[in-house]
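> quick one, fold the following:
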Amino acid sequence: MDYQDVFGPAGPLARAIEGYAVRAEQCAMARAVGRALALAEPLIVEAGTGTGKTFAYLVPALLSGQSVIISTGTRTLQDQLFHRDVPMLARAIGLPVRVALLKGRANYLCRYRLETAPEQRQLFGAAKGGARHLNKILRWSAATRSGDLAELTDIPENSPLWPLVTSTRENCLGQECPQFARCHVYEARRAAQAAQVVVVNHHLLLADLTLKDEGFGDLLPGAQAVVLDEAHQVPDIAAQFFGLNWSSRQVQLLARDAALELTRSQLAAEDAAQALRELEANVQRLYADVSPRSGRIDWERLPDTFFDALGDLQAALQEAAARFEGLGSGPGIAACARRARELAARLGMLRAVDEQQGLRWAEGGIAGVQLHFTPFEIAERLRSYVQARPCAWVFTSATLALGEDFSHFTERIGLPQARALRIESPFDYREQSRLFLPRGMPEPQDPRFTERFIAACAPLLAASGGRAFLLFTSYRGLNEGQAVLARHFPDPPFPVLVQGQAPRDALLQQFRALGNAVLLGTGSFWEGVDVKGDALTLVAIDKLPFASPDDPLLKARLEGIRRRGGNPFFEYQVPQAVLALKQGVGRLIRDADDFGVILIGDPRLTTKAYGRLFLQSLPPSPVVTEPQAAADFLRRRLAGLALA
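Numbering: from 1, shown residues only. Below is the predicted model of the structure:
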């Protein structure tokens with residue numbers, strides 16, 4: 001197919017979309033995606049910012065007539081695809097398409113659990129607005145068609161009500177549920193089975209891929225193509241799904257639900273009640289060795305008393321399951337018996353796992369004691385899952401390659417032979433931007449670093465009148481940066497927003513509305529943030545974003561590389577930091593009319609040999625090393641904007 005007919009200046013997109021711009025890069029990507037769909041082969045595409053990759057994979061997907069799953073890394077993009085992009089494109093090209101949106105169970109109202117929520121008022125009664133919010137959910141439940149909790153925009157995300165009105169894989173009653181005929185989760189699944197295009201997220205896709213049922217275990221077999229947008233997130237999410245997790249909180253929720261079911265069934269079952277008391281007592285024994293303040297503890301550092309308590313708790317779960325099964329009363333009690341068996345089995349697997357296969361650790365926190373296992377390598381398993389489903393697999397993101405080299409990503413997903421394509425951004429970075437590398441910066445561990453970093457930012461902030469993201473690699477750096485910025489600008493001529501003051505989306509909305517704000521943020525602002533126009537003309541990054549060596553996923557990956565004789569720093573840590581830096585830098589130029597300066601304070605870009613790899617992977621912005629040159633560029637472009 002000649003996609004130029006669709007993407008060209010006289011095509012249906014140009015006629016239907018106001019401000020549409022023809023991009024050769026977009027058409028090139030569409031041709032590659034169309035070929036992958038036709039041949040049912042894997043394809044990996046790095047699409048530079050401004051390519052228009054969303055339309056570049058949606059158009060071939062719609063025109064193919066195939067059953068397509070589109071998976072995203074964020075709910076924001078998931079909602080954008082379902083509510084805006086797919087319907088708009090379908091109308092533009094004149095192809096009616098049935099599209100469905102699927103989220104995880106926790107995003108849907110469970111009617112059965114809503115019925116029981118008023119009986120658990122002690123769990124939310126003390127929370128601010130708890131009873132009022134429950135009444136609001138009850139009213140909404142009578143009118144909603146989808147049951148998607150995103151429709152309830154005025155109830156806090158951290159409300160204690162949500163776990164009481166949603167189901168999990170563990171506590172779902174399935175077809176035995178008295179509300180099964182009206183279940184929102186299964187209605188969503190049925191809609192997906194009848195749709196041509198199904199929009200999911202990576203967590204749900206991988207749950208389906210690994211058969212960790214989220215209620216959509218038959219999603220993949222019917223798909224003829226799978227497109228994974230924001231695909232750079234896939235390997236780390238896959239590592240979580242290929243591991244094992246268990247928490248004492250799950251046991252406590254089981255005990256709570258079982259007690260409620262016993263009350264609802266009006267059963268005088270002393271044996272079952274005693275089993276619940278024994279579960280709670282055994283959970284409390286775990287806290288003697290792993291308290292909420294313990295943080296992460298490596299498996300080999302846990303005391304023998306902890307392992308003894310785990311064995312006793314596993315036996316108590318098996319006993320509780322037997323007691324519940326002996327009651328033979330209703331689907332609720334039967335589900336509790338199944339949950340107890342599953343928790344005991346998962347605990348047994350964690351205790352018995354081969355230490356040569358991955359990393360185990362315990363963690364104490366407000367959610368109780370959590371146990372984790374992460375495998376050293378996931379590539380082989382991910383490849384086997386992909387190859388077991390013979391359809392087109394398209395992985396795309398703005399950050400997949402190191403320069404022209406895709407091997408870091410392809411090896412992580414187990415597809416080293418997959419066809420890979422790099423699409424350059426259509427933006428003119430040489431005209432639109434400058435890369436400012438300030439001279440004389442101290443090493444990142446120097447206690448003066450943050451002071452010098454903010455000092456380097458100050459003349460540019462003065463020149464731009466704000467309009468900046470100051471991105472830090474740690475909360476410590478963020479807090480220090482906020483204090484230093486206040487000293488440099490005691491009466492700032494621009495609003496200052498700081499991560500944590502409000503939810504991320506609210507901060508971004510405020511940043512765009514103000515037009516001249518300075519926002520200080522950490523990891524969550526490095527990607528998935530889109531601010532077009534002159535509200536953002538400076539992105540300043542303090543240090544190269546090497547991941548914390550204490551992160552368990554990172555430790556497992558590094559240990560796996562060591563065990564096969566590799567070099568963890570150059571094989572993994574450097575490539576991951578390069579891709580993360582590309583994400584952060586990508587926040588600046590989001591449109592053909594955008595302009596600005598990228599400031600990177602880390603001297604290792606020029607003092608270390610690996611710094612060249614970082615620089616080669618960044619957009620081709622001219623490099624300046626004097627603050628005056630960077631500030632003059634901003635003043636000149638802002639002045640030109642004022643005259644336009």
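> is V597 part of a helix or strand, or is it coil?
State at V597, reduced to three classes by DSSP: H, G, I helix; E, B strand; the rest coil: strand.
> I'd say G521 and Q501 touch.
No. G521 is not in contact with Q501 according to Cβ atoms under 8 Å; the separation is 10.5 Å. Placement of C-beta: from N, CA and C, glycine included.
> quickly list what's touching both of these two.
Common contact partners of G521 and Q501 (Cβ atoms under 8 Å, 6 or more residues apart in numbering): L507.
> for the stretch 351-500 of the chain, what spans make up the strands?
Along the stretch 351-500 of the chain, counting by DSSP state E, counting those that start in this stretch, strands occupy 358-365, 368-375, 392-397, 419-423, 433-436, 468-471, 496-498.
> contacting residues around the fourth one?
This means strand 419-423. With Cβ under 8 Å, 6+ apart, strand 419-423 has contacts from 25, 28-29, 32, 36, 41-48, 51, 53, 400-401, 404, 406, 410.
> one step back: who's more crowded, G521 and Q501?
Set G521 next to Q501 and count neighbours by other Cβ atoms under 10 Å: G521 wins out with 23 against 12.
> nearest residue to that one other than its sequence neighbours?
Spatially, and ignoring its direct neighbours in sequence, G521 is nearest to Q499 (4.2 Å; Cβ to Cβ, 6 or more residues apart in numbering).
> I'd say the one you found and L507 touch.
Yes. Between Q499 and L507 there is a contact under Cβ under 8 Å: 7.0 Å.
> quick one: contacts for L43?
By Cβ under 8 Å, 6+ apart, the residues touching L43 are 32-33, 35-36, 392-395, 418-421.
> next, format these as TSV and append distance to T625 and neighbour count.
Output for the contacts of L43, formatted as TSV (distance: Cβ to Cβ, whole Å; neighbours: other Cβ atoms under 10 Å):
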residue	distance to T625	neighbour count
A32	39	23
V33	41	27
R35	44	15
A36	43	25
A392	46	25
W393	44	24
V394	41	26
F395	37	27
A418	40	20
R419	40	16
A420	34	22
L421	34	18
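> sorry, back to before: could you pull out the residues contacting both of Q499 and L507?
Residues touching both Q499 and L507 (Cβ under 8 Å, 6+ apart): 519, 521.
> give me the low-pLDDT residue ranges for the stretch 51-200 of the chain?
For the stretch 51-200 of the chain, applying pLDDT under 70 flags the ranges 119-129.
> ranges for the strands of it?
Assigned by DSSP E, counting those that start in this stretch, the strands in the stretch 51-200 of the chain fall at 68-72, 99-101, 197-201.
> columns distance to V624 and mean neighbour count on top of those strands, output as CSV?
Converted to CSV, the strands of the stretch 51-200 of the chain look like this (distance: least, Cβ to Cβ, whole Å; neighbours: other Cβ atoms under 10 Å):
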stretch, distance to V624, mean neighbour count
strand 68-72, 36, 26
strand 99-101, 46, 20
strand 197-201, 40, 26
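> among these, which is nearest S291?
Ranking the strands of the stretch 51-200 of the chain by proximity to S291 (Cβ to Cβ) places strand 197-201 first, at 33.9 Å.
> got the angle for the closest one vs strand 68-72?
30 degrees (axes from the mean of the first three to the mean of the last three Cα atoms, to 10 degrees).
> tell me the helix or strand right after strand 197-201.
Once the chain leaves strand 197-201, the next helix or strand it forms, by DSSP states H and E, is helix 202-209.
> quick check: mean pLDDT across that following helix?
Averaged across helix 202-209, the pLDDT comes to 87.
> any of the contacts of strand 419-423 buried? List them.
The neighbour-count criterion (16 or more other Cβ atoms under 10 Å) marks 25, 28-29, 32, 36, 42-48, 51, 53, 400-401, 406, 410 among the contacts of strand 419-423 as buried.
> how near is the closest residue to Q274 other than its chain neighbours to L279?
Leaving out its chain neighbours, the residue that sits closest to Q274 by Cβ to Cβ, 6+ apart is R323, at 8.0 Å. Note on R323: its distance to L279, by Cβ to Cβ, to the nearest Å, is 10 Å.
> equivalent analysis for P331, please.
Going from P331 to L279 by Cβ to Cβ gives 21 Å.
> neighbour count winner among the two?
L279 (23 against 16).
> start to end distance for stretch 404-415?
With Cα to Cα, to the nearest Å as the measure, stretch 404-415 spans 17 Å from end to end.
> buried residues in it?
In terms of neighbour count (16+ other Cβ under 10 Å), stretch 404-415 has its buried residues at 406, 408-410, 412-415.
> which non-adjacent residue is nearest L497?
Nearest one to L497, counting by Cβ to Cβ, 6+ apart, is L519 at 4.5 Å.
> so the one you found sits against R512, correct?
No. The criterion here is Cβ under 8 Å, and L519 misses it with R512 at 10.4 Å.
> neighbour count winner among those two?
For the pair L519 and R512, the greater number of neighbours falls to L519 (25 against 15), based on other Cβ under 10 Å.
> what pLDDT is listed against that one?
L519 is assigned a predicted lDDT (pLDDT) of 97.
> what's it sitting at in phi/psi?
Backbone torsions for L519, taken as degrees, to the nearest 10, come to phi -110, psi 130.
> so it bridges to which residues?
Counting by DSSP bridges, L519 is bridged to F469, L497.
> quick one: it from F469, how far?
According to Cβ to Cβ, L519 stands 5 Å off from F469.
> what does R256 give?
Computed as Cβ to Cβ, the R256 to F469 distance reads 43 Å.
> and what of T168?
From T168 over to F469 the distance is 37 Å, taken as Cβ to Cβ.
> same check on R35?
Counting by Cβ to Cβ, the separation of R35 from F469 is 38 Å.
> go on, G174?
Counting by Cβ to Cβ, the separation of G174 from F469 is 47 Å.
> thank you kindly, that will do.
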